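> Can you look at this prediction? I've put the sequence above it.
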Amino acid sequence: MESDEVMLAVRLTTAERTLLRRLAHGHRGDVSEVVADALLDVLPALLAQDPPRLAEQLGRFAPCAVTVWLPPELAELLPALAAHLAPPEHAAHPEHPERPTRPSPPPAPPTPCAALGTALRLWLRQDPARLAAGLHALHGGVDQSHSYHHSHAHAHPRSDAPTHPRLRPLAA
């Protein structure tokens, strides 16, 4: 693990977590790499949509927590994304838009982890074959089966375990 990577926990449904793991396995990478690629892929679409409604749709409870490591450059985007996803402070009265509803405390903005979860859940709603093809294209169609982890599988008792950033050699 690079010392400057940021650890985050995202909430996903069981099906979303399973799909994420399958994509990582098929990509011969780890879940964190797929999450970083997903964030880069979905961020423009996420910023173009109606953020409060999208956050409400995707922000429903998800029972599984997944821990990921992101480069600091991506993690620094998450507070701004969380602010973008925050609901407006005072919604208009549905029958009289000129009259605000009774003042209530503004809802707390989503956390950076919740913003990442919303982005990831939006990305995972796409066709799984399209997601796998996108990951393949993003990395130039390079077969990563010859990565450090896989070429040194005999040194690790659990060679079928997903790679972790700590298992990658440092760049020279």
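Alright, I've got the coordinates. Since we're looking at a predicted model, the values are computed, not measured.

> For the closest residue to Ala86 other than its chain neighbours, grab phi and psi.
Nearest non-adjacent residue to Ala86, counting by C-beta to C-beta, 6 or more residues apart in numbering: Pro109, 3.7 Å away. For glycine as for every other residue, the C-beta is placed from the backbone atoms N, C-alpha and C. Backbone torsions of Pro109, given as degrees, to the nearest 10, read phi -70, psi 150.

> Run through the residues that contact Pro109.
Pro109 is in contact with 82-83, 85-86, counting by C-beta atoms under 8 Å, 6 or more residues apart in numbering.

> swap the cut-off to 7 Å and go again
Contacts here follow C-beta atoms under 7 Å, 6 or more residues apart in numbering; on that basis Pro109 touches 82-83, 86.

> try Thr18
Contacts of Thr18 by C-beta under 7 Å, 6+ apart: none found.

> What separation is there between it and Ala119?
Thr18 sits 18 Å away from Ala119, going by C-beta to C-beta, to the nearest Å.

> ok, now Asp50?
From Asp50 to Ala119 the distance is 15 Å (C-beta to C-beta).

> Give me the more crowded residue out of those two.
Ala119 (27 against 9; other C-beta atoms under 10 Å).

> was I right about the more buried one contacting Leu39?
Yes. Between Ala119 and Leu39 there is a contact under C-beta atoms under 7 Å: 5.5 Å.

> so where's this protein uncertain?
Residues of the chain that meet the criterion pLDDT under 70 lie in 1-3, 51-53, 55-59, 89-107, 141-172.

> The same query, at a cut-off of 80, please.
Within the chain, the ranges that satisfy pLDDT under 80 run 1-3, 49-61, 87-109, 139-172.
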